[in-house]
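[1] Kindly return the folded structure for what I paste below:
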Amino acid sequence: MAEILDVLRTEQKYELSLAEMYSMTARLSKMLTGDKHNYQGGYMVRSLYFDTVNDDDFYDKLDGLEIRRKIRLRIYDPKASTAKLELKEKTGNNQRKRSLTLNRDEAMQVVSGNYDVLLDKKDDFADELYCRMKQYTYRPKCIVQYFRTAYAEKVNDTRITFDRDLRATEADLNVFGEDLRLYPVGLTLNCTMEVKFNNFLLSYVKDAVSLADKTQLSASKYGMARNYLIRAAL
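    Now for the predicted structure:
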């Protein structure tokens, strides 16, 4: 039986300076549970994004469509034996994320364009991914990598993440590559905070991440990376 994760919750994004981030993580570490990988200051997240031949998902985001989606293959270590093939569907601030765990060989088959391995999973979600990626001719487009620090609260499935040192490449799409040449995207002294929860944000968490003077970000990491790399190529 394929291992499937299905998460539905609200997601809000904000841009912070590193000084703001360190101040906020100091507060959150006293009231929320830190991710088990936070002990070294955080952990690497690397995603290989797929898109259609005409970059429909990218342009849907640029055009500000209310309903949009992304498909990505995610790992947390180049030496990892597994990867997660994920479909993210967003309507405004609400998002649904479904993840299918693949072994390393299956993941590389998908990267090479052999989506038939998804049919071997004998799972409805895997079949849905196969049909979408085949019908709309999805191909690997861009690797995005960053460093994350995360905190969680079980009530309302609350999760606060801080992502910094955003880097990307379109030149080498080996998601398991240990020597990727990645280029900085955006300001290296800034980070993105994501606030994720179901139903409502707990009052004490809301106070801890008080952002009265902050405007929510609409840009996705994939969109930021593609925008940067397209401009750099001009």
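
[2] Wait, a strand at residue 60?
    No: read with DSSP: H, G, I helix; E, B strand; the rest coil, residue 60 is helix and lies in no strand.

[3] heads up, I number from 134, so please use that
    From this message on, residue numbering opens at 134, which makes the last subject residue 193.

[4] ok, for it, nearest residue in space, not its chain neighbours?
    When the adjacent residues along the chain are set aside, residue 193 lies closest to residue 201, with 4.4 Å between them (CB to CB, 6 or more residues apart in numbering). All C-beta atoms are positioned from the backbone trio N, CA, C, and that covers glycine.

[5] what's the distance between that neighbour and residue 234?
    Taken as CB to CB, to the nearest Å, the spacing of residue 201 relative to residue 234 amounts to 24 Å.

[6] swap in residue 258?
    Between residue 258 and residue 234 the distance, using CB to CB, works out to 11 Å.

[7] Mind jotting down where the helices sit in this structure?
    151-161, 189-195, 237-244, 257-268, 336-341, 354-366 (DSSP state H).

[8] and the most centrally placed residue in the chain, what does it touch?
    In the chain, the C-alpha nearest the mean C-alpha coordinate belongs to residue 180, at 6.8 Å (CA atoms, centre = their mean). In this structure, residue 180 makes contact with 205-208, 276-278, 308, 354-355, judged by CB atoms under 8 Å, 6 or more residues apart in numbering.
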